[in-house]
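Quick one: sequence and predicted model below, then my questions.
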Amino acid sequence: MAEKPKYVTVPSEEAVAAERERLQYQKKYRQTLLTTVYALGVVAAVAVLVATMFLPVLQVSGSSMEPTLSDGDIIALVKGGKLETGDLVGFYYQNKLLLKRVIAGPGDVVDMDDDGDVFVNGEQLDEPYVTAKALGETDLDYPYQVPDNRYFVMGDNRTTSIDSRSSAIGCIEKDQIVGKVLLRVWPLNRLSLVS
């Protein structure tokens, strides 16, 4: 017995047009998706580059900079520029990033009295950012001259901060400094330039 021939049904013009439209839509969708993923990748790469090269972002850990900066605050630093007395800086110390305030630069003479008043080159510093002055943990002989290419730094919370007053940290070299604190990013209700 012979097999019956199979008949192929030809789709209508409308069905062919609908299928063509569906395939074109899929192609455009894939292209748009790939372009979007590529653009997001480029934006992420640029953001990482900017963050590491020019504007590092980090989270504050500890209480040595209170009340100016609190534990958990997220801040942005800016690299480069001249350092001045009063600037907040981030610097590396034993594979940790510490935040302190520049008190004196290379060649300056730092002195402190028993009440915690700080003098640089014979003039008392105006420190509105310090709520409780204290001599703190110090093993230096005052007056103390800051060595060349180094900075004398202190935390704003003078009673708990371990800083240049202790020979454990000492004065920091310019090469250790990551950048100046520019902006508190988080929490949003405290978003502000930091000084």
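Everything's here; your move. Quick caveat: nothing in here was measured; it's all calculated off a predicted structure.

how about the strands in the protein?
In the chain, the segments counted as strands under DSSP state E are 57-59, 74-78, 88-93, 96-104, 109-112, 118-120, 123-124, 144-145, 150-154, 172-173, 177-186, 192-193.

Lowest average pLDDT across those strands?
Across those, strand 192-193 has the smallest mean pLDDT, namely a mean of 56.

From the rest of the structure, what touches stretch 13-22?
Here stretch 13-22 makes contact (C-beta atoms under 8 Å, 6 or more residues apart in numbering) with residue 11. Where you see a C-beta, it was placed from the backbone N, CA and C, and this is true even at glycine.

Alpha carbons of it, in CSV - could you do that?
What follows is stretch 13-22, C-alpha atoms only, in CSV (Å, rounded to 0.1, in the frame of the first residue of the first chain):
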residue,chain,number,x,y,z
GLU,A,13,0.5,36.7,4.4
GLU,A,14,-0.7,38.1,7.7
ALA,A,15,0.9,35.2,9.6
VAL,A,16,4.2,35.6,7.7
ALA,A,17,4.1,39.4,8.4
ALA,A,18,3.4,38.8,12.1
GLU,A,19,6.3,36.3,12.4
ARG,A,20,8.7,38.7,10.6
GLU,A,21,7.6,41.5,13.0
ARG,A,22,8.1,39.2,16.1
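
Flag every buried residue along that stretch.
Judged by neighbour count (16 or more other C-beta atoms under 10 Å), stretch 13-22 contains no buried residues.

average pLDDT across that stretch?
Averaging pLDDT residue by residue across stretch 13-22 gives 86.

which residues does residue 145 bridge with?
Beta bridges link residue 145 to residue 109, judged by DSSP bridges.

circling back: any chance of CSV for the strands of the chain, columns distance to residue 4 and mean neighbour count?
Below are these laid out as CSV (distance: least, C-beta to C-beta, whole Å; neighbours: other C-beta atoms under 10 Å):
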stretch, distance to residue 4, mean neighbour count
strand 57-59, 75, 15
strand 74-78, 77, 18
strand 88-93, 84, 19
strand 96-104, 82, 21
strand 109-112, 105, 19
strand 118-120, 105, 19
strand 123-124, 110, 10
strand 144-145, 107, 16
strand 150-154, 95, 25
strand 172-173, 93, 18
strand 177-186, 76, 19
strand 192-193, 85, 8
